[in-house]
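> give me the fold of what follows.
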Amino acid sequence: MKNFLFLFLLFAFRLYANDPAIIQNKIAVQVSSLNNSQKAILYEYAVLKMHNANAERYWELHEKDFVDINDSVRDQLASEIYTHTQFSYKPDKNFSTDTSLKVQLLSNWMFYLAALIAVLALIQLFKNYWSWIIQVLIKKLAPIFRLLFSPILLTYEMLLAGGVCIFFGCFMEEFVSRTIVIHIGIFLLWSQSTAILTQKYLAEKYIFDIPVNFWGNDSWKTLKTISIPAFIIVGALVYVIVNRPNETFYIYELVAAVIASVYTLPFWRSIEKYLSRLLFPFKDDLVERSVYTLASVTILALLATVLFVFNFSNNIYFAQIIVALVSLLSVSFLILSFKWFYRRDYRNYYYVQFVTFAYLLTALYYGFYVQSIEIVWMPLLCLSFFVIIKYWEIITSYFYWKNSKTKIWGFLGMSVLLWVLGKGVLYLLNFVL
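Reported below is the predicted structural model:
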């Protein structure tokens, strides 16, 4: 009887010890006994372990902050803190998670650049050898292949191939291959839609019509040569972005395609001179028309940016569009600030310097206001280039630049200027962050 009672009590205590509620309560008590630093370490360990980012190495570096804790208890505490506990902490600037994410972002851009270079190389090869391939196919694979690979039918086949590349390319797993296939599809959609609309089925025949029609006065030719193909590319990029929302560099291409398609519409071209007057208030016939065009496109993009900022800044997709617009505007204003565009009358030059500087400061302030490093980075970089360019413009305007001594002093001054810019950027970041 005593043995039976002993076994019963032992079984009861075992059930009590394995009760999930009791175990959860013990974990909660252990979590409450930790300080904020220990909680932060366990939380960061859970994040690293979840992302397979060398969590054990991180734990070895911080294991000394804990006393008598085994791996099982550590995992339970880390899971509890990550899942249920809310606390405030600021990761170190050299924290491995932040470094890992930055390295991953940099590698993604490197992959994108590699894919883009490969696409350009393939396009160049396509341009160099396509006529030869067509001639060989027509001569050797007659008669059915003569019909199949006729310029007209082949144009529609390649247009279909471009759509297939876009459709199936989004579902490819490997990043570089996916990017190459998608961009080949975009190129095929643009080139073959242009060939069909112009009814010129060889690239060497319609490629020269694009700049001619862009600067020409025939609105319909501009519409069918540039606007409609650009709208087709916009649709393809929207499809890619919907299926690959994490690859934000497609948004930059989307913004450029939208600007090209909208700006070449007839009613925008008719008000080009009025839009450009906002950046060039003083008449100057020596300024090239391409500069006025860039100015009007910049104003159009600026209006779109203001619209998005005040109405759609909380939407994640429009937020990325705002980032792309701010970046493109920063580069556009920097280009327009070059003194080389203004030959004799410098009134527009001085006015554009003021507008460019004001825009870059405003964009920089907005980036810090919304805490977006993507927005902060490009205006800050363009502002640094702006200061350096203005420095050299002043040096070459007011000093005898061909003198070797003047060059030495100029480069010495530039080194001081770069040092001041670096200190200013660090001070700004420390002050704001």
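
> tell me who's in contact with the residue nearest to Val119 when sequence neighbours are not counted.
In space, and not counting its chain neighbours, Val119 is closest to His183: 4.3 Å by CB to CB, 6 or more residues apart in numbering. In this view, the C-beta of every residue, glycine as well, is placed from N, C-alpha and C. Contacts here follow CB atoms under 8 Å, 6 or more residues apart in numbering; on that basis His183 touches 115-116, 119.

> and His183, what's its pLDDT?
Per-residue confidence (pLDDT) for His183: 90.

> so which helix or strand takes in it?
Following DSSP states H and E, one finds His183 within helix 175-198.

> now the contacts of His183 in TSV, with pLDDT?
Formatted as TSV, the contacts of His183 follow (pLDDT from 0 to 100):
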residue	pLDDT
Ala115	77
Leu116	77
Val119	77
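
> from those residues, pick the one nearest Gly367.
Taking CB to CB as the measure, Gly367 sits nearest to Leu116 out of the contacts of His183, at 25.7 Å.

> how far away is the closest one from Leu125?
For Leu116, the distance to Leu125 (CB to CB, to the nearest Å) stands at 15 Å.

> which of the two has more neighbours?
Leu116 (14 against 10; other CB atoms under 10 Å).

> which residue is the nearest non-sequential neighbour of the residue positioned nearest the centre of the chain?
Taking CA atoms, centre = their mean, the centroid of the chain lies closest to Phe249, which sits 3.7 Å from it. Among residues not flanking Phe249 along the chain, Tyr112 sits closest, at 5.5 Å (CB to CB, 6+ apart).

> residue ranges of each domain in this protein, please.
16-90, 121-270 (automatic domain parsing).

> how about these in a markdown table, adding distance to Ser330?
Compiled in a markdown table, these are given as follows (distance: least, CB to CB, whole Å):
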| stretch | distance to Ser330 |
| --- | --- |
| domain 16-90 | 29 |
| domain 121-270 | 12 |
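
> can you tell me which of those is most buried?
For these, the largest average neighbour count (mean count of other CB atoms under 10 Å) is found in domain 121-270, namely a mean of 16.

> show me what the helix or strand containing Ile395 is packed against.
Using DSSP H and E, Ile395 sits within helix 373-398. Packing partners of helix 373-398 (3 or more CB pairs under 8 Å, 6 or more residues apart in numbering; DSSP states H and E): helix 316-336, helix 347-369, helix 404-432.

> what's the average pLDDT for the longest one?
Okay, so that is helix 404-432. Rounded mean pLDDT across helix 404-432 is 69.

> what of the first one?
Taken as a whole, helix 316-336 has an average pLDDT of 86.

> now it: buried residues?
318-330, 332-334, 336 (16 or more other CB atoms under 10 Å).

> and that helix, C-alpha only, in CSV?
C-alpha atoms of helix 316-336 as CSV (Å, rounded to 0.1, in the frame of the first residue of the first chain):
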residue,chain,number,x,y,z
ILE,A,316,4.4,51.3,-48.7
TYR,A,317,4.3,51.1,-52.6
PHE,A,318,3.9,54.9,-53.0
ALA,A,319,6.6,55.4,-50.4
GLN,A,320,9.1,53.5,-52.7
ILE,A,321,7.9,55.6,-55.6
ILE,A,322,8.6,58.8,-53.6
VAL,A,323,12.1,57.4,-52.9
ALA,A,324,12.7,56.9,-56.6
LEU,A,325,11.3,60.3,-57.5
VAL,A,326,13.4,62.1,-54.9
SER,A,327,16.5,60.3,-56.2
LEU,A,328,15.8,61.1,-59.8
LEU,A,329,15.0,64.7,-59.0
SER,A,330,18.3,65.1,-57.0
VAL,A,331,20.3,63.9,-60.0
SER,A,332,18.2,66.1,-62.4
PHE,A,333,18.7,69.3,-60.3
LEU,A,334,22.4,68.5,-60.0
ILE,A,335,22.7,68.2,-63.8
LEU,A,336,20.8,71.4,-64.4
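
> ok and that helix relative to helix 347-369, angle-wise?
150 degrees (axes from the mean of the first three to the mean of the last three CA atoms, to 10 degrees).

> helix 316-336 - contacts with which helices or strands?
Counting by 3+ CB pairs under 8 Å, 6+ apart, helix 316-336 packs on helix 249-263, helix 289-311, helix 347-369, helix 373-398.

> who's in contact with the second one?
Residues outside helix 289-311 that contact it (CB under 8 Å, 6+ apart) are 215, 255, 259, 262-263, 268, 272-273, 275-276, 278-280, 318, 321-322, 325-326, 328-329, 332-333, 335-336, 341, 359, 366.

> what residues are up against the residue nearest to Ser327 when sequence neighbours are not counted?
Distances taken as CB to CB, 6+ apart put Met378 closest to Ser327, at 4.1 Å, once the chain neighbours are dropped. Neighbouring residues of Met378 by CB under 8 Å, 6+ apart: 326-327, 330-331, 363.

> okay, those residues in a markdown table with distance to Lys224 next?
A markdown table is the format used below for the contacts of Met378 (distance: CB to CB, whole Å):
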| residue | distance to Lys224 |
| --- | --- |
| Val326 | 32 |
| Ser327 | 30 |
| Ser330 | 32 |
| Val331 | 29 |
| Ala363 | 36 |
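
> pick out whichever of these sits closest to Trp419.
Lowest distance from Trp419 to the contacts of Met378 (CB to CB) belongs to Ser330, with 23.2 Å.
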